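1. Pasting the sequence and the predicted model now:
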Amino acid sequence: MKISNSIFVALFSVIVWEILYFQPANTQESSEASIDFSLREQATGTVFQAGEEGYQVIPRAYAVLEGVNNNLASTALDSEANRLYGNYGPYQIFVILDAGIAASAESVLWAGIEERYQVALNINYDQPVIMTGQIVAHMLDPSASRAIADAYGLTIEAEFRDISRVFFGTQSGQNVIELTELLNADIAVGLAEIDIIEEFYEPF
């Protein structure tokens, strides 16, 4: 009789533990799969190349720095209009669910005190990446950096003349993909690529 009671108590404990521990995990996993599917489905923007990988812009997704916005991104729009997709290093990626809210085509958008960044999808791996709004250019003529910036309305964010590498920043209202194509056609530029963040570490 004592053995039967022991087995009953053990089985009851296991069942309770499974209910308390596994049920939330399964629910969360199902929810994340649903969000992930909608993110891939919304990758309907421009396709571009960076390095050997192909990417497609997700017009209805944006990223914000978690420490800077202090979760204001989740309240800047109605809570039913957007959903947190996930945390990536110091960034949070949100998906706009309300079709009535226009998606921004700007490289970097200021919404109140929030700085929002465009998000794209790595086509091969179905992983989101963050577009910084900058263009990385290998200059054939390092002394032409300022002239290039002035000609295309860009800013010089960083310059490494020893390796002929310049990080150009875009301005409000500019399209980083179109500007990258223009720079690649410029005789002073060897190669220009959209700057993206694809690998996330803590601290960033």
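-> Nice, I can see it.

2. residue boundaries of the helices in the protein?
-> Applying DSSP state H to the chain gives helices spanning 2-41, 66-69, 73-76, 145-152, 176-184.

3. tell me the mean pLDDT for the third one?
-> If I follow you right, that is helix 73-76. What helix 73-76 shows for mean pLDDT is 46.

4. Return the alpha-carbon coordinates of stretch 163-172 using PDB.
-> Presented in PDB, the C-alpha positions along stretch 163-172 are these (Å, rounded to 0.1, in the frame of the first residue of the first chain):
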ATOM      1  CA  ILE A 163      41.800  50.900 -46.100                       C
ATOM      2  CA  SER A 164      39.900  53.400 -48.300                       C
ATOM      3  CA  ARG A 165      36.700  52.600 -46.500                       C
ATOM      4  CA  VAL A 166      34.000  55.300 -45.700                       C
ATOM      5  CA  PHE A 167      30.700  55.000 -43.900                       C
ATOM      6  CA  PHE A 168      28.200  57.400 -45.400                       C
ATOM      7  CA  GLY A 169      25.100  58.300 -43.500                       C
ATOM      8  CA  THR A 170      21.700  59.000 -45.200                       C
ATOM      9  CA  GLN A 171      19.400  61.900 -44.300                       C
ATOM     10  CA  SER A 172      15.700  61.900 -43.500                       C
END
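
5. Does A188 touch S143 like I think?
-> No - applying Cβ atoms under 8 Å, one finds A188 not in contact with S143, separated by 9.2 Å. No exception for glycine: its C-beta is placed from N, CA and C like everyone else's.

6. More neighbours: those two, which one.
-> Neighbour totals were compared for A188 and S143, and A188 leads with 16 against 9 (other Cβ atoms under 10 Å).
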